[in-house]
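**Student:** Quick one, fold the following:
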Amino acid sequence: MALAARNRALGAKKEQSDAELRRQLHISDSQLQLSRAELQRFTNDLDRTLREAQEAAEENTKAVLKGAASFLQSLAAEQTTLLDDVQRKYGGHAVLSDLLEVNHANAQMARKAQGIAVMCGAPLGRRKRAASVYDVVRSAQGQIRNFHRVSVMQQTGLALKASAVAPVALAVAELLDNAASFSQHDAPIEITFQRIQNNLCIVIDDAGVSMNDEDRLRATELLSGDIVPRLSQLGNQPKFGFPVIGLIARQYGFRVDVTGVSRYGGVRAVVLLPEELWTVEETPSAYEAPVSNILRTEGRPHNGSRTTHGLPKRGARQAPIASVPDPEGPPAPRAPEEPSRFSGRSLGAFQRGTLSGRNLDATPLEGSEDT
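**Tutor:** Numbering: from 1, shown residues only. I've put the predicted structure just below:
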C-alpha cells in the first residue's frame with residue numbers, strides 16, 4: 001500500500017514537472033517567434049534602408065551624368081554647326097579631310113553622350129516631320145567609327161513617323177557599333193529592309209563572332225527593357241548599347257532581337273517596327289522637284305539639283321559635311337595625300353552624303369525644337 005501511494009505521488013509529481021516543462025517550452029517558443037519576427041522586421045528595415053540609399057545614390061549619379069551628357073550634346077551640336085560653316089566657306093581647301101575626320105569623331109561623341117543621357121532618364125529629341133527609313137539608317141551609319149564597312153543593300157519607299165525617327169536612329173547606330181566592334185576590321189556589315197505582315201524589319205547582318213546561349217539570353221533580357229541594370233553594374237568600361245536600346249524600344253513600342261545568325265555566321269540583329277511607327281513615303285508630284293520630307297536646318301542653303309531618290313546633290317562649296325558617304329554618283333579623283341588621310345574618293349563620297357541624314361544627326365534635345 002505504501003509503495004503504491006508513493007508511486008502515485010511520484011507519478012503526480014512527474015506530471016506536474018512535465019506540465020511545467022511544457023509551459024516553459026511554450027513560453028520559450030513564443031519568445032523565439034517574437035525574436036524571429038523582430039529580427040525579420042529589422043532585416044526588412046535594413047534592406048529597405050539600403051535599397052533606398054542605393055536608389056538615391058543611383059538617382060543622384062544619373063542626375064549628374066545626365067547633366068554632363070546633355071552639356072556634351074550641346075557642345076557637339078555647336079561644334080557640328082561650326083564645322084558646317086567652315087566646310088561651306090572652305091569646301092575646296094586641303095583642310096577638308098581633317099574637318100571630315102573631326103566631324104565624324106564629333107558624331108560618335110554625340111551618340112555616346114545621347115546614350116548616356118537616355119540611360120540616365122533624359123528624353124530623346126523630338127522631330128516635327130517623318131523621315132525616310134533609308135535616311136534614318138544612313139544617319140545611324142555615320143555615327144559609328146567604321147562606317148565604310150556598312151552597306152545599305154536596298155532603297156525603300158517607307159518613312160518613319162516623326163516620333164520614331166530619333167529612337168530608331170539611335171537603336172540602329174548602337175547595333176551597328178556593336179556589329180563593327182565584334183567583327184574584323186574589314187568584315188562586311190549589311191543592312192536590308194523587309195516587310196513582314198504589318199511590321200517593318202531593319203535587318204543587320206555582320207560577319208563577326210557569334211554569341212553563345214548565355215550571351216543571347218543576357219542580350220534578350222537587356223533588349224526587352226524588362227531589366228534595367230544600375231550604372232554600377234555596367235562595369236569599369238560601361239557598355240550602354242543594349243541597355244539603352246532596351247529602354248527606348250520599350251518606351252517607343254518596337255522590338256529588337258539579336259538571337260539570329262547571319263549568312264556569314266555572325267549575328268543577325270532585327271529591329272521590328274509595328275505599323276504604328278512607319279508609313280509609306282510621300283511621292284512628289286511629277287512636275288515638282290523631289291523634296292525631302294525631313295525638316296531642313298534653318299538658314300542652310302538649298303540646292304535644287306537632286307538625285308533620282310530625292311537626295312540633294314553637291315554644289316560648289318555649298319554642301320555640308322556629310323555624316324555618311326553616298327554610294328551613288330561618280331567618285332571624285334584621287335588626291336596625292338598621306339595613307340592616313342581620306343582618299344579623294346572618300347572625301348567626295350563624304351560630301352555627297354545625304355542632307356537629310358545630316359539633319360538627323362542634329363536632332364534637338366527634348367524641349368528645344370527651335371534651337
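**Student:** Just the helices from this structure, written as ranges.
**Tutor:** Secondary structure of the chain (DSSP state H): helices at 2-89, 96-119, 133-141, 162-181, 213-224, 241-252, 344-351, 355-361.
**Student:** Throw those helices into JSON lines and include distance to residue 155, thanks.
**Tutor:** In this view, the C-beta of every residue, glycine as well, is placed from N, C-alpha and C. Output for the helices of the chain, formatted as JSON lines (distance: least, Cβ to Cβ, whole Å):
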{"stretch": "helix 2-89", "distance to residue 155": "26"}
{"stretch": "helix 96-119", "distance to residue 155": "23"}
{"stretch": "helix 133-141", "distance to residue 155": "6"}
{"stretch": "helix 162-181", "distance to residue 155": "16"}
{"stretch": "helix 213-224", "distance to residue 155": "27"}
{"stretch": "helix 241-252", "distance to residue 155": "24"}
{"stretch": "helix 344-351", "distance to residue 155": "17"}
{"stretch": "helix 355-361", "distance to residue 155": "14"}
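**Student:** for these, which one ends up most surrounded?
**Tutor:** Across the helices of the chain, averaging neighbours per residue (mean count of other Cβ atoms under 10 Å) puts helix 133-141 on top, at a mean of 27.
**Student:** What angle do helix 162-181 and it make with each other?
**Tutor:** Comparing the axes of helix 133-141 and helix 162-181 via axes from the mean of the first three to the mean of the last three Cα atoms, to 10 degrees yields an angle of 50 degrees.
**Student:** how far off helix 96-119 does helix 133-141 point, in degrees?
**Tutor:** Using the same axes, to 10 degrees: helix 133-141 against helix 96-119 is 100 degrees.
**Student:** low pLDDT regions in the stretch 51-200 of the chain?
**Tutor:** Scanning the stretch 51-200 of the chain for pLDDT under 70 picks out 92.
**Student:** 80 instead?
**Tutor:** For the stretch 51-200 of the chain, applying pLDDT under 80 flags the ranges 54-55, 57-58, 60-62, 64-66, 68-71, 73, 87, 90-100, 125-127.
**Student:** Check the stretch 251-371 of the chain too.
**Tutor:** Looking at the stretch 251-371 of the chain by pLDDT under 80, you get 282-371.
**Student:** go with 90
**Tutor:** For the stretch 251-371 of the chain, applying pLDDT under 90 flags the ranges 263-264, 280-371.
**Student:** before we move on, the earlier item: for residue 201, which of the helices of the chain is the nearest?
**Tutor:** Closest to residue 201 of the helices of the chain, according to Cβ to Cβ: helix 133-141, at 10.7 Å.
**Student:** for the closest residue to residue 177 other than its chain neighbours, phi and psi?
**Tutor:** Once flanking residues are discounted, residue 177 sits nearest to residue 144: 4.6 Å by Cβ to Cβ, 6 or more residues apart in numbering. Backbone torsions of residue 144, given as degrees, to the nearest 10, read phi -120, psi 160.
**Student:** any idea how far residue 144 is from residue 195?
**Tutor:** Remark: distance between residue 144 and residue 195 (Cβ to Cβ, to the nearest Å) = 26 Å.
**Student:** quick one on the thing from earlier: so which of the helices of the chain is nearest residue 231?
**Tutor:** Closest among the helices of the chain, using Cβ to Cβ: helix 2-89, at 5.6 Å.
**Student:** and the angle for the closest one with helix 96-119?
**Tutor:** Going by the same axes, to 10 degrees, helix 2-89 makes 150 degrees with helix 96-119.
**Student:** For helix 2-89, enumerate the helices and strands it packs against.
**Tutor:** Applying 3 or more Cβ pairs under 8 Å, 6 or more residues apart in numbering; DSSP states H and E, we find helix 2-89 packed against helix 96-119.
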